[in-house]
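1. sequence and predicted structure are below.
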Amino acid sequence: MICGVGNTTPEVWASLLAGKSGVAPITYFDTAQYTSRIAAEVKNFDPLNFVEKKELKKMGRFIHLALAAATEAVNMSGLKVTGENEERVGVYIGSGIGGFDVIEREHTALMEGGPRKISPFFIPASIVNLAAGQVSIRFGAKGPNMASATACTSSAHAIGDSFKIIQRGDADVMIAGGSEAAITPMSVGGFCSMRALSTRNDEPERASRPWDRDRDGFVVGEGSGILILEELEHARGRDAQILAEVVGYGLGGDAYHISSPAPEGAGGFRVMRNAIRDAKLQPADIGYVNAHGTSTPVGDGLEATAIRNLFGETKVPVSSTKSMTGHLLGGAGGLEAGISVLALRDQILPPTINLENQDEQTLGMDFVPNHARPASLDYALSNSFGFGGTNGSLVFKRWSE
């Protein structure tokens, strides 16, 4: 995992458990004319630790971040891709936007110097599937090679689809997740025009505040979350350190509106229900929900309604780690899947920070406010919802022999 609160999995996890925010003033460009001037940038990241200098401009930043996360994930897993297994190892990495930074850079080159100034690497540096492509090249993975671009559900879909690819026998291992690097002038400007972003510019660390009655929009984040999914006996056969088990996946669409969730959070309700059914569980089995929880006035309330409608009187703990990481857009589901896995491994719930005055319509719900806490749980559910009404939920099980 790499995001605004850390450049490695241990750093990210420690920061989240400490309730540390990664949101700060944007440093990548002049924001003087922007209504929102804050974001959760990945700090002190040197792509040269993962990419040769001559290769840098052949890749957008989202690819650099994906390579960093994939390298850590592969190293942690002890996976070795060889001539014997290369066709059984695949890659599936989602991104909502891809190389927005490259698109803007090359458009400027076009406007200032004409078409001859456009880089020959423009297309492969910016298109969404090149994160998966570059990771497969890096590790020699010749199995299924896929990318999803389903807005803020992109990497949840990548992980869920990879789960099904392994289940049906098309691969033994999938390097799966998502990456996003959309803190750019056009991206932030576009979200500002939609009035989707928080304008709490004077208090950036307090800007992302899911379910707080004073929330005023989400905060853009960047980063990558990559998991190694592996068929159980294959993992046992090489004595892999297993962190958790993927047991359920639900996906579906609202068929309602381009940016607003359906009434009563009906789409979110369905994918959570379907993921739990896929895992052959009941809602009461779920011990923690890592919510989509973006800190928008409408979205948070509808997700809370969907959770209430599904779980009934069960007071399931729910938290939004976007309160600390910001919203990674297409990379959010991969990062939050990793967070859910670590919550199961360590039996601790990361908090929702900045929850000072809980929204009245959610009173009685447990959002793990402001401080991490120990827990005893066997199953965790992770939600991702995107523009266009595209939704996904994943269920993870605590690993035990």
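-> Received the coordinates, thanks.

2. helices of the stretch 151-300 of the chain, start to end?
-> With helices called from DSSP state H, counting those that start in this stretch, the stretch 151-300 of the chain shows them at 154-167, 185-193, 232-237, 266-278, 297-311.

3. how near is the spatially closest residue to Glu222 that is not a sequence neighbour to Ser148?
-> Distances taken as C-beta to C-beta, 6 or more residues apart in numbering place Ala181 nearest to Glu222, at 4.7 Å, with adjacent residues excluded. All C-beta atoms are positioned from the backbone trio N, CA, C, and that covers glycine. Noted for Ala181: a distance of 17 Å to Ser148, by C-beta to C-beta, to the nearest Å.

4. can you count the residues close to Asn49?
-> Asn49 has 11 neighbours, counted by other C-beta atoms under 10 Å.

5. residue contacts, it?
-> Ala68 (C-beta atoms under 8 Å, 6 or more residues apart in numbering).

6. now do the buried residues in the helix or strand hosting Ala337.
-> If you go by DSSP states H and E, Ala337 is part of helix 332-346. By neighbour count on 16 or more other C-beta atoms under 10 Å, the buried set for helix 332-346 is 332-344.

7. quick revisit: so the residue nearest to Glu222 sits against Phe100, correct?
-> Yes. Using C-beta atoms under 8 Å, Ala181 is in contact with Phe100, at 7.4 Å.

8. intersection of neighbour lists for these two?
-> In contact with both Ala181 and Phe100: Gly60, using C-beta under 8 Å, 6+ apart.

9. the more surrounded of those two?
-> Neighbours per residue, other C-beta under 10 Å: of Ala181 and Phe100, the larger number sits with Ala181, 31 against 24.

10. and that one, how close does it get to Cys3?
-> Taking C-beta to C-beta, one finds Ala181 at 11 Å from Cys3.

11. hmm, back to that, which one of the helices of the stretch 151-300 of the chain is the most hemmed in?
-> helix 154-167 (a mean of 26; mean count of other C-beta atoms under 10 Å).

12. now for the residue positioned nearest the centre of the chain: which residues touch it?
-> Most central in the chain under C-alpha atoms, centre = their mean is Ala332, positioned 1.7 Å from the mean C-alpha point. Taking C-beta under 8 Å, 6+ apart, we find Ala332 in contact with Cys152, Ser155, Ala156, Gly178, Glu180, Gly221, His292, Lys322, Ser384.

13. the third one and Val395 touch, don't they?
-> The one in question is Ala156. No. Applying C-beta under 8 Å as the test, Ala156 and Val395 come out as separate, 11.5 Å apart.
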